[in-house]
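*Asks:* Structure, please.
(chains A and B)
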There are 2 protein chains.
Amino acid sequence: MAALDLLSLNTATVRDAWTLEQCIEGCQRHGVTAIAPWRDRLQEMGVERAARAIRGAGLDVSGLCRGGMFPAQEAQGRRAAVDDNLRAIDEAASIGAACLVMVCGGLPAGSRDLPQARDMVRDGLASILDHARAAGVRIALEPLHPMTCADRSVLSTLGQALDLCDELGPGLGVAIDVYHVWWDPQVSAQIARAGDRIFAFHTCDWRVPTRDLVFDRAMPGDGVIDIAALRHQVQAAGYAGRLEMEILSTDWWARDPNEVLAICKARHEAFC
Amino acid sequence: MAALDLLSLNTATVRDAWTLEQCIEGCQRHGVTAIAPWRDRLQEMGVERAARAIRGAGLDVSGLCRGGMFPAQEAQGRRAAVDDNLRAIDEAASIGAACLVMVCGGLPAGSRDLPQARDMVRDGLASILDHARAAGVRIALEPLHPMTCADRSVLSTLGQALDLCDELGPGLGVAIDVYHVWWDPQVSAQIARAGDRIFAFHTCDWRVPTRDLVFDRAMPGDGVIDIAALRHQVQAAGYAGRLEMEILSTDWWARDPNEVLAICKARHEAFC
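*Replies:* Next up is the predicted model:
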């Protein structure tokens, strides 16, 4: 398979410039054969209309971003999160996504109780798994970089994610984003442990210096992550899915999206 | 022992406002009975003069910050780092520091080879341990938050630090800074594992949102870290040393240092 056939465009990479419809057209124009939409843009376009356009364009869907955000101080908030995740599962099924990516959520406002927040994530996931299994939607837990622990993801490492997979059973796997896991002394061992539970693989790079904790990711090749090594490790573990490029960056969002996509393709081919 | 008797002032907390001499006087004035100097301020004052002043003020030294920074592309750079660490050991001995804190260093410039950088840290430590043992200086490995992995510390977790301690043997332990380890799903297990190898315990807090990866630490109580829980865990593991407050923060550096010290004392007593 040619390298380009493995690339998927995560629409967050051109978040500010393109609607989902424009992303679908952009993928066709650039010969990119898979896409990973974010839910806000999916809902903006309309799920059924988007599903038809994606099918019509012959695109695979490497994942839907994102469910999760389970922790909340009040039971009502936690129920609302579960309900929203059930809708996300239906959306993922509608567009034929290879998985629904989970960004699990940070500490509830005002809380310092990290073990409790982690329990809330586990309980939330347990509440939605039956629906996901019935819908044939795989749930991909995405451990986020520990610097996001307070406000985005108390799921911090691949090992922790796989412990949850072990506990909660089939239908649950992981989304491995090089940005979030590259630093982890256990990353190689945990990728091998993950095996066929790797549902998604995301690429971008770590900029030095990093000027913002969320929106300063680099284009692959511009940072210090050994992406090729991690890509080979997931491949050795059995992952044969797409390599999804997801670059949350105010710098790149300010660029012409056609230029961004052309650079994404070239950099993808360099490490693929 | 009264709570205040456990407090140590890491001089980085008032880095921009006070020389080491002023820090020593400030501790006396505020009834703080221990200090942890940084090497730049120590050298500025003169090691022997500082040692006399610290003894004269009756202060304990909870640690010297910092040795480390081992990785470098060229052998010459690695040798220079080892030489500098040997000097740091002598300085720590001169001021009677409870330990020399190690910030181990990031990736060499231009490198993406994280395993190699971690090997350089291990080799550098192995090169200085005999001198440290002979000088009676304990080496405290400080795992730094994974967000510093590229440019400050490829030593990222307490588990990784303890693996090094296991490998390299006596005289090596850990400095546990709540800021760097609070997010770690393994932190409680690793604190228990550390046992009598906990040589230092540092406090500050995690601000939400965090606006800078290095200089935006919060005053204890202003962030989301459950400092009291971690403090009790290190106590249960056998640590009876100082609780050293180290707040790297451009916000706090801009405040009146006497006011900062008064607030440090109050916050320390709140979680101690």
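*Asks:* What segments of the stretch 151-272 of chain A are helices?
*Replies:* Using DSSP state H, counting those that start in this stretch, the helices assigned to the stretch 151-272 of chain A run over residues A:158-168, A:178-181, A:187-194, A:227-236, A:250-253, A:257-271.
*Asks:* quick one: the third one to helix A:158-168, angle?
*Replies:* Spelled out, it's helix A:187-194. 20 degrees (axes from the mean of the first three to the mean of the last three CA atoms, to 10 degrees).
*Asks:* mind listing what residue A:13 touches?
*Replies:* A:245-247, A:252, A:260, A:264 (CB atoms under 8 Å, 6 or more residues apart in numbering or on different chains). Quick note: C-beta positions are derived from backbone N, CA and C, even for glycine.
*Asks:* swap in residue A:68?
*Replies:* A:81, A:85, A:102-105, A:121, A:153.
*Asks:* just so I know, which of the helices of the stretch 151-272 of chain A lies nearest chain B?
*Replies:* The closest of the helices of the stretch 151-272 of chain A to chain B is helix A:158-168. By CB to the nearest CB, the value is 4.4 Å.
*Asks:* quick one: pLDDT of residue A:1?
*Replies:* What the model reports for residue A:1 is a pLDDT of 61.
*Asks:* Residue A:122 too?
*Replies:* Predicted confidence (pLDDT) for residue A:122: 98.
*Asks:* Tell me how many other residues surround it.
*Replies:* Applying the criterion other CB atoms under 10 Å in any protein chain shown, we find 16 residues in the vicinity of residue A:122.
*Asks:* Centre of the chain to stretch A:78-86, how far?
*Replies:* 19 Å (CA atoms, centre = their mean, to the nearest Å).
*Asks:* One more: stretch A:228-238?
*Replies:* 17 Å.
*Asks:* mind exporting it as CSV, just the C-alpha atoms?
*Replies:* Presented in CSV, the C-alpha positions along stretch A:228-238 are these (Å, rounded to 0.1, in the frame of the first residue of the first chain):
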residue,chain,number,x,y,z
ALA,A,228,8.8,6.8,12.7
ALA,A,229,9.8,4.7,15.7
LEU,A,230,6.4,4.9,17.3
ARG,A,231,4.7,4.2,14.0
HIS,A,232,6.8,1.0,13.6
GLN,A,233,6.0,0.0,17.1
VAL,A,234,2.2,0.2,16.5
GLN,A,235,2.7,-1.6,13.2
ALA,A,236,4.7,-4.4,15.0
ALA,A,237,1.9,-4.6,17.6
GLY,A,238,-0.5,-5.4,14.7
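*Asks:* what residues does that stretch touch?
*Replies:* Counting by CB under 8 Å, 6+ apart, A:176, A:178, A:181-182, A:187-188, A:191-192, A:194-196, A:198, A:201, A:203, A:243, A:271-272 sit against stretch A:228-238.
*Asks:* hmm, which of the residues you listed are the buried ones?
*Replies:* With neighbours counted using 16 or more other CB atoms under 10 Å in any protein chain shown, these contain these buried positions: A:176, A:178, A:181-182, A:187-188, A:191, A:194, A:198, A:201, A:203, A:243, A:271-272.
*Asks:* pLDDT and distance to chain B added to these, as TSV?
*Replies:* As requested, these are exported to TSV (pLDDT from 0 to 100; distance: CB to the nearest CB, whole Å):
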residue	pLDDT	distance to chain B
A:176	98	15
A:178	98	11
A:181	98	9
A:182	98	7
A:187	98	9
A:188	98	9
A:191	98	14
A:194	98	16
A:198	98	20
A:201	98	18
A:203	98	14
A:243	98	17
A:271	89	11
A:272	85	16
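*Asks:* Is it correct that residue A:143 is in contact with residue A:179?
*Replies:* No: between residue A:143 and residue A:179 there is no contact under CB atoms under 8 Å: 10.9 Å.
*Asks:* Counting neighbours, go ahead and name the busier of these two.
*Replies:* residue A:143 (29 against 22).
*Asks:* How is the more buried one assigned, secondary-structure-wise?
*Replies:* coil (DSSP: H, G, I helix; E, B strand; the rest coil).
*Asks:* so who does it touch?
*Replies:* Counting by CB under 8 Å, 6+ apart, the residues that residue A:143 touches are A:153, A:155-158, A:160-161, A:174, A:180-181.
*Asks:* Would you pull up the residue in the stretch 151-272 of chain A closest to chain B?
*Replies:* Of all residues in the stretch 151-272 of chain A, residue A:183 sits closest to chain B, at 3.8 Å by CB to the nearest CB.
*Asks:* Starting from residue A:203, give me the distance back to residue A:190.
*Replies:* 18 Å (CB to CB, to the nearest Å).
*Asks:* Now name the helix or strand holding the residue nearest to the spatial centre of chain A.
*Replies:* Computing the C-alpha centroid of chain A and ranking residues by CA atoms, centre = their mean puts residue A:101 first, at 4.9 Å. Using DSSP states H and E, residue A:101 falls within strand A:100-103.
*Asks:* what does chain A put close to chain B?
*Replies:* With CB under 8 Å from any CB of the partner chain as the criterion, chain A comes near chain B at residues A:107, A:111-114, A:118, A:145-147, A:149-151, A:156-157, A:159-160, A:163, A:182-186, A:206, A:208-210, A:213, A:223-226.
*Asks:* how many neighbours does the closest residue to residue A:250 other than its chain neighbours have?
*Replies:* Sequence neighbours aside, residue A:215 is the residue nearest to residue A:250 in space, at 4.9 Å (criterion: CB to CB, 6 or more residues apart in numbering or on different chains). Residue A:215 has 14 neighbours, counted by other CB under 10 Å.
*Asks:* now the one 5 residues further on
*Replies:* Other residues within reach of residue A:220 by the criterion other CB under 10 Å amount to 25.
*Asks:* ok, now how distant is it from residue A:99?
*Replies:* 21 Å.
*Asks:* before we move on, back to that, residues contacting the residue of the stretch 151-272 of chain A closest to chain B?
*Replies:* A:145, B:114, B:146, B:149, B:156.
*Asks:* try 7 Å this time
*Replies:* B:146, B:149, B:156 (CB atoms under 7 Å, 6 or more residues apart in numbering or on different chains).
*Asks:* List the buried residues in the longest helix anywhere in chain A.
*Replies:* Ranked by residue count under DSSP state H, the longest helix found in chain A is helix A:114-135. Going by neighbour count (16+ other CB under 10 Å), the buried part of helix A:114-135 is A:114, A:117-118, A:120-122, A:124-125, A:127-129, A:131-133, A:135.
*Asks:* pLDDT score assigned to residue A:208?
*Replies:* pLDDT at residue A:208 comes out at 98.
*Asks:* How much space separates it from residue B:147?
*Replies:* Distance from residue A:208 to residue B:147, by CB to CB: 11 Å.
*Asks:* In terms of neighbours, single out the busier of these two.
*Replies:* Using other CB under 10 Å, the more surrounded residue of residue A:208 and residue B:147 is residue B:147, with 22 against 14.
*Asks:* Let's test this: what are the backbone torsions at that one?
*Replies:* phi -70, psi -10 (degrees, to the nearest 10).
*Asks:* which one is it nearest to, not counting chain neighbours?
*Replies:* Residue B:147 sits nearest to residue A:147 (CB to CB, 6+ apart), 4.2 Å away.
*Asks:* pretty sure residue A:51 is in contact with residue A:94, am I right?
*Replies:* Yes: using CB atoms under 7 Å, residue A:51 makes contact with residue A:94 at a distance of 5.0 Å.
*Asks:* follow-up on the earlier one: how about the contacts made by the residue nearest to residue B:147?
*Replies:* Residue A:147 touches A:213, B:145, B:147, counting by CB under 7 Å, 6+ apart.
*Asks:* While we're on the spatially closest residue to the first one that is not a sequence neighbour, how confident is the model there?
*Replies:* In space, and not counting its chain neighbours, residue A:213 is closest to residue A:147: 5.2 Å by CB to CB, 6+ apart. We have a pLDDT of 98 for residue A:147.
*Asks:* so how far is residue A:186 from residue A:147?
*Replies:* For residue A:147, the distance to residue A:186 equals 18 Å [CB to CB].
*Asks:* SS state for residue A:65?
*Replies:* Assigned with three-state DSSP, residue A:65 falls in the strand class.
*Asks:* I'd like to know how many residues surround it.
*Replies:* 31.
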